[in-house]
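Colleague: need a structure here:
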Amino acid sequence: MTYEGVHMDLDYIKGVNLGNWLVLEKWMNPALFDGTTADDEYYLPTQLDPAVYEARIRTHRAEYINERDFATIKSWGLNSVRIPVPYFIFGDRAPFIGCIDELDKAFNWAEKYGLTILIDLHTAPMSQNGFDNGGISGVCKWAQLPDEVEFVLSVLERLARRYGHRRALMGIEIINEPNTTTSWPMMNVTERYKAVDPELAEGTGPIGFDWLKDFYVTAYHRLRDVDKGALPADKAVVFHDGFDIEQWKDFMRGDDGKLAPEFENVVLDTHQYLMTAEMMGCPQTVEDYDDFVRNTYAPMIAEMSEYFPVIVGEWCLFNSVGCGVDTHGGQSVLNGEEGAQAETLTAEQKRSLYQGVAESQLAAWSKGSGFYYWNYKLLTGTMVGVAVTDAALHEKTADFDFFDYEADETKPVD
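Modeller: Next up, the predicted model:
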């Protein structure tokens with residue numbers, strides 16, 4: 001299947017996220033949180049017996065993603081995976097359980113099947129965004145804590161030293177989705193993600209761009225420094241745009257306006273969802289989605305590609321029209337919200353809707369250097385959504401696969 005306006009070359013990233021494997025998100029697998037009132041990974045071990053917690057986590061990691069998944073991803077014609085990892089990946093932040101062994105396995109599998117890996121540091125102590133997927137809901141204080149900022153830098157260094165010379169490594173993403181002064185009002189963290197402990201959340205607030213830019217430069221040098229991370233120049237250092245892609249036109253520039261010589265192989269990651277478009281005022285109609293993607297997202301990606309290689313590290317098909325109800329920026333029954341009382345679209349209408357928004361988004365992302373779809377898998381109860389389909393569709397449209405690229409026949413999948 002081909003898509004109008006989509007142009008891809010051999011180096012173009014066609015990837016998928018392995019979310020909810022090493023960084024838990026309750027909405028993606030509520031069963032892991034059974035018997036607790038925890039809404040995030042920070043509080044889960046505080047409400048379970050340590051032996052029960054460890055068994056639950058280790059079983060999940062062993063079963064959620066395995067070698068067969070890498071073979072499947074390769075067979076779909078994809079060429080890369082983005083793997084969210086937590087700040088406690090090395091097992092040095094009790095009571096959380098490290099997961100470096102799982103990432104080691106992922107590299108072995110990726111190299112076996114000819115895939116690359118983008119390591120995405122998805123969480124930080126006391127959180128960089130206040131989201132449930134940032135480790136602790138309703139708290140965003142990491143950037144205010146110098147010791148924890150240093151700890152994150154040490155994690156990045158250790159990841160670089162461990163995987164820098166692995167063939168499968170595409171790059172390391174410094175930190176996922178820092179919640180900045182631009183995004184803070186729209187994300188409405190303190191209301192949308194209620195803090196369990198108001199005292200712990202005291203001082204919560206957005207991250208300023210001046211601070212974030214300084215941190216990114218520091219992280220870059222710590223990753224590349226031969227006495228620290230020693231990340232080779234052929235491996236990318238990836239930074240997230242903090243939900244404001246326009247902020248980065250003068251970042252890392254030299255006097256001539258080009259990338260300064262001290263920086264090599266730097267990639268800009270932006271996360272673009274239709275639900276964000278809705279929050280930005282896009283009307284909830286199929287035609288307006290298409291118009292927004294083509295006339296806002298596509299030129300934005302094209303323009304920023306003049307400054308950095310741009311990847312869309314997260315995107316999906318979720319939208320309010322498909323849900324039959326205004327989702328208020330991505331809320332669904334899995335977040336405890338009321339769903340539609342009745343189906344508003346037939347199965348064929350849904351297929352057409354999602355096919356259309358897939359085509360327009362893929363065309364927009366082709367203005368840059370690639371994409372990683374969110375997400376590869378969803379678990380709700382006993383249903384396993386092993387397909388690159390939108391999470392909110394659940395099993396109703398689990399047969400809808402818009403990634404119909406030709407697989408790479410040069411490397412057998414067995």
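Colleague: Going along the chain, name the strands of the chain.
Modeller: With DSSP state E as the criterion, the chain has strands at 13-17, 80-85, 116-121, 169-173, 236-240, 266-271, 310-314, 370-373, 379-380, 383-384.
Colleague: by contact count, what packs against the fourth one?
Modeller: With contacts taken as 3 or more C-beta pairs under 8 Å, 6 or more residues apart in numbering; DSSP states H and E, strand 169-173 sits against strand 116-121, helix 146-163, strand 236-240. For the C-beta atoms, the positions are set from N, CA and C on the backbone; glycine is no exception.
Colleague: so can I have TSV of these showing mean neighbour count, mean pLDDT and distance to Glu262?
Modeller: As requested, the helices and strands packed on strand 169-173 are exported to TSV (neighbours: other C-beta atoms under 10 Å; pLDDT from 0 to 100; distance: least, C-beta to C-beta, whole Å):
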stretch	mean neighbour count	mean pLDDT	distance to Glu262
strand 116-121	24	98	22
helix 146-163	18	98	17
strand 236-240	24	98	12
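Colleague: so can I have CSV of these showing distance to Arg294?
Modeller: Putting the helices and strands packed on strand 169-173 into CSV (distance: least, C-beta to C-beta, whole Å) gives the following:
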stretch, distance to Arg294
strand 116-121, 27
helix 146-163, 36
strand 236-240, 24
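Colleague: between these, which gets nearest to Asp255?
Modeller: Between Asp255 and the helices and strands packed on strand 169-173, the shortest separation by C-beta to C-beta is 21.7 Å, and it involves strand 236-240.
Colleague: Pass me the low-pLDDT residue ranges in the stretch 1-150 of the chain, would you?
Modeller: Using pLDDT under 70 as the threshold, the predicted model of the stretch 1-150 of the chain has low-confidence ranges 1-10.
Colleague: Just confirm Pro84 contacts Ala106, I think it does.
Modeller: No. Between Pro84 and Ala106 there is no contact under C-beta atoms under 8 Å: 11.5 Å.
Colleague: who touches the spatially closest residue to Trp374 that is not a sequence neighbour in this structure?
Modeller: Leaving aside its sequence neighbours, Trp374 sits nearest to Glu314 (C-beta to C-beta, 6 or more residues apart in numbering; 4.3 Å). Taking C-beta atoms under 8 Å, 6 or more residues apart in numbering, we find Glu314 in contact with Asn17, His271, Gln272, Tyr273, Tyr372, Trp374.
Colleague: next one: Pro50
Modeller: Neighbour list for Pro50: Pro95 [criterion: C-beta under 8 Å, 6+ apart].
Colleague: separation between it and Val149?
Modeller: Summarising the geometry, the distance separating Pro50 from Val149, computed by C-beta to C-beta, to the nearest Å, is 29 Å.
Colleague: re earlier: overlap in contacts, Pro84 and Ala106.
Modeller: In terms of C-beta under 8 Å, 6+ apart, Pro84 and Ala106 are both contacted by the residues Leu18.
Colleague: remind me which residues of the stretch 251-400 of the chain are low pLDDT?
Modeller: 329-342, 379-400.
Colleague: just the helices in it please.
Modeller: 274-279, 286-292, 298-304, 320-323, 347-365 (DSSP state H, counting those that start in this stretch).
Colleague: is it possible to export these to CSV including distance to Gly138 and mean neighbour count?
Modeller: Formatted as CSV, the helices of the stretch 251-400 of the chain follow (distance: least, C-beta to C-beta, whole Å; neighbours: other C-beta atoms under 10 Å):
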stretch, distance to Gly138, mean neighbour count
helix 274-279, 19, 21
helix 286-292, 30, 16
helix 298-304, 30, 17
helix 320-323, 25, 23
helix 347-365, 31, 19
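Colleague: follow-up on the earlier one: so which of the helices and strands packed on strand 169-173 gets nearest Thr218?
Modeller: helix 146-163 (6.9 Å).
Colleague: Distance from the chain centre to the closest one, please.
Modeller: Taking the mean C-alpha point of helix 146-163 and that of its whole chain, the gap between them comes to 19 Å (C-alpha atoms, centre = their mean, to the nearest Å).
Colleague: just stretch 219-233 next, same as before
Modeller: The chain centroid and the centroid of stretch 219-233 are separated by 23 Å, computed with C-alpha atoms, centre = their mean.
Colleague: pull the CA atoms of it into CSV?
Modeller: What follows is the C-alpha trace of stretch 219-233 in CSV, where atoms were taken according to Å, rounded to 0.1, in the frame of the first residue of the first chain:
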residue,chain,number,x,y,z
ALA,A,219,23.7,16.5,28.6
TYR,A,220,25.1,16.5,25.0
HIS,A,221,28.6,17.1,26.2
ARG,A,222,28.3,14.5,29.0
LEU,A,223,27.1,11.9,26.5
ARG,A,224,29.9,12.7,24.0
ASP,A,225,32.8,13.3,26.4
VAL,A,226,35.3,10.4,26.0
ASP,A,227,35.8,10.4,29.8
LYS,A,228,32.1,10.2,30.5
GLY,A,229,29.5,8.8,28.1
ALA,A,230,31.9,8.4,25.2
LEU,A,231,28.9,8.2,22.8
PRO,A,232,30.3,7.8,19.3
ALA,A,233,29.5,10.6,16.8
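Colleague: returning to what we had before: just put the strands of the chain in a markdown table and tack on distance to Phe70.
Modeller: As requested, these are arranged in a markdown table below (distance: least, C-beta to C-beta, whole Å):
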| stretch | distance to Phe70 |
| --- | --- |
| strand 13-17 | 11 |
| strand 80-85 | 8 |
| strand 116-121 | 10 |
| strand 169-173 | 14 |
| strand 236-240 | 20 |
| strand 266-271 | 22 |
| strand 310-314 | 19 |
| strand 370-373 | 15 |
| strand 379-380 | 18 |
| strand 383-384 | 16 |
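Colleague: Pull the contacting residues for the residue nearest to Arg294 when sequence neighbours are not counted.
Modeller: Beyond its immediate neighbours in the sequence, the residue positioned closest to Arg294 (C-beta to C-beta, 6+ apart) is Ser360, lying 5.9 Å away. With C-beta under 8 Å, 6+ apart as the criterion, the residues that contact Ser360 are Tyr289, Asp290, Val293, Arg294.
Colleague: right, and out of these, which lies closest to Gln128?
Modeller: Sorting those by distance to Gln128 puts Val293 at the head of the list, at 27.4 Å, by C-beta to C-beta.
Colleague: how near is the nearest residue to that closest one once chain neighbours are set aside to Ser305?
Modeller: The shortest distance from Val293 to any non-neighbouring residue, by C-beta to C-beta, 6+ apart, is to Ser360 (4.3 Å). According to C-beta to C-beta, Ser360 stands 18 Å off from Ser305.
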